[in-house]
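**Q** Just the structure for this:
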Amino acid sequence: MARRRLNSLEKAELIALVKDMMELSADNKLFVRSTLADAEDIEVDKYKKKISRALSYNKWGTKD
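**A** Residues are numbered from 1 along each chain as shown. Just a heads-up that it's a prediction; the model follows:
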C-alpha cells in the first residue's frame, strides 16, 4: 500500500516528504544525508575510530 502511494507521488511531493522527515529528528536527517551523500563526503575513518574505541571498552570503562 505505502509503496504504491510513494510511486504515485510527484517529484515535488517526494522532496517535501524527505524534507519533512529530515526536520522531524536529527537521526532522520543524518540517515537521509548519509544515504544520499557521495562516498567521498563521508568521513569513514573518523567514525570507524569512534566505533572501535566504543567497542574496546567494557562497562567499567577499562579496555578488555
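
**Q** send the alpha carbons of the helix or strand of the chain with the lowest mean pLDDT over as PDB?
**A** The weakest-scoring helix or strand in the chain, judged by mean pLDDT, DSSP states H and E, is helix 44-55 (a mean of 78). Provided in PDB are the C-alpha atoms of helix 44-55 (Å, rounded to 0.1, in the frame of the first residue of the first chain):
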ATOM      1  CA  VAL A  44      34.500   6.900   7.300                       C
ATOM      2  CA  ASP A  45      37.800   6.700   9.200                       C
ATOM      3  CA  LYS A  46      36.600   9.200  11.800                       C
ATOM      4  CA  TYR A  47      33.500   7.000  12.600                       C
ATOM      5  CA  LYS A  48      35.400   3.800  12.400                       C
ATOM      6  CA  LYS A  49      37.800   5.100  15.100                       C
ATOM      7  CA  LYS A  50      34.800   6.100  17.300                       C
ATOM      8  CA  ILE A  51      33.100   2.800  16.900                       C
ATOM      9  CA  SER A  52      36.300   0.900  17.600                       C
ATOM     10  CA  ARG A  53      37.000   2.800  20.800                       C
ATOM     11  CA  ALA A  54      33.500   2.400  22.000                       C
ATOM     12  CA  LEU A  55      33.600  -1.400  21.400                       C
END
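
**Q** so what secondary structure elements neighbour that helix?
**A** Taking 3 or more C-beta pairs under 8 Å, 6 or more residues apart in numbering; DSSP states H and E as the contact definition, helix 44-55 has no neighbouring helices or strands. (Each C-beta comes from the backbone N, C-alpha and C, glycine too.)

**Q** in the protein, which segments are predicted with low confidence?
**A** Where the chain drops to pLDDT under 70, the residues are 39-42, 57-64.
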